[in-house]
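>>> Dropping a prediction and its sequence here:
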Amino acid sequence: MFRLVALFAAAALVAPVVRVSDQLASPPHRVTTIRGNAWASDNTPIKEAKLRLRNAATGKVVATTVADATGRFAFTNVDSGSYVVEIVTDSGKILAVGHSFTIASGETIGTFVRLGARAPWFSGFFANTASAAASSASSQGITALAPVARAASSRQ
């Protein structure tokens, strides 16, 4: 009997000690992941696109990455919050911004960023000419425009 008690005592000394504070500690960190694709305006992937993850609430850039050859990218171990993904140049100029999204701890979210179509510099140059002329005329008190022509005579 004495040996049995001694055996249990020895086992208790060898067993790991679990403290109450260890049981009350915060739960393990769950991995939060953002996966996505970077596309050109014609829906082709942007090979090795440079991307930034920006916190929408603070405006701070929290991570950067480079897309693979198929335009795929990922940001891992991200804190919960609202974010946008940006495509940037080597110098940091923003080329495109994706839609805003919110992610919680432990979630994985899918998103995309697409470049806009390029337009020639002169495409909108003359677009507002008519409205500018009408605005200028109304500021001078002209409220209607009519063609200038001689009145039609009943004799002609």
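Thanks, I have the structure now.
>>> Tell me where this structure has helices.
Under the criterion DSSP state H, the chain contains helices at 2-14, 20-23, 129-139.
>>> I'd like the average pLDDT over the first one.
Predicted confidence along helix 2-14 averages 47 (mean pLDDT).
>>> What of stretch 85-100?
What stretch 85-100 shows for mean pLDDT is 93.
>>> so where is this structure shaky, pLDDT-wise?
Counting by pLDDT under 70, the chain has low-confidence residues at 1-29, 119-156.
>>> If we use 50, what do you get?
Within the chain, the segments meeting pLDDT under 50 span 2, 4-23.
>>> what are the ranges of the strands in it?
Ranges of strands in the chain, per DSSP state E, are 33-39, 50-55, 61-66, 72-76, 81-88, 94-97, 101-103, 108-114.
>>> Take these and lay them out in TSV including mean neighbour count.
C-betas here are computed from N, CA, C, even on glycine. Putting the strands of the chain into TSV (neighbours: other CB atoms under 10 Å) gives the following:
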stretch	mean neighbour count
strand 33-39	20
strand 50-55	20
strand 61-66	14
strand 72-76	17
strand 81-88	19
strand 94-97	15
strand 101-103	16
strand 108-114	16
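>>> From Asp42, how far off is Thr65?
Distance check for Thr65 against Asp42: by CB to CB, to the nearest Å, it reads 23 Å.
>>> wait, Ser91
Relative to Asp42, Ser91 is positioned 24 Å away (criterion: CB to CB).
>>> ditto for Arg72
Going from Arg72 to Asp42 by CB to CB gives 18 Å.
>>> now Asn77
As judged by CB to CB, Asn77 and Asp42 stand 33 Å apart.
>>> Gly92 now?
Separation of Gly92 from Asp42 (CB to CB): 25 Å.
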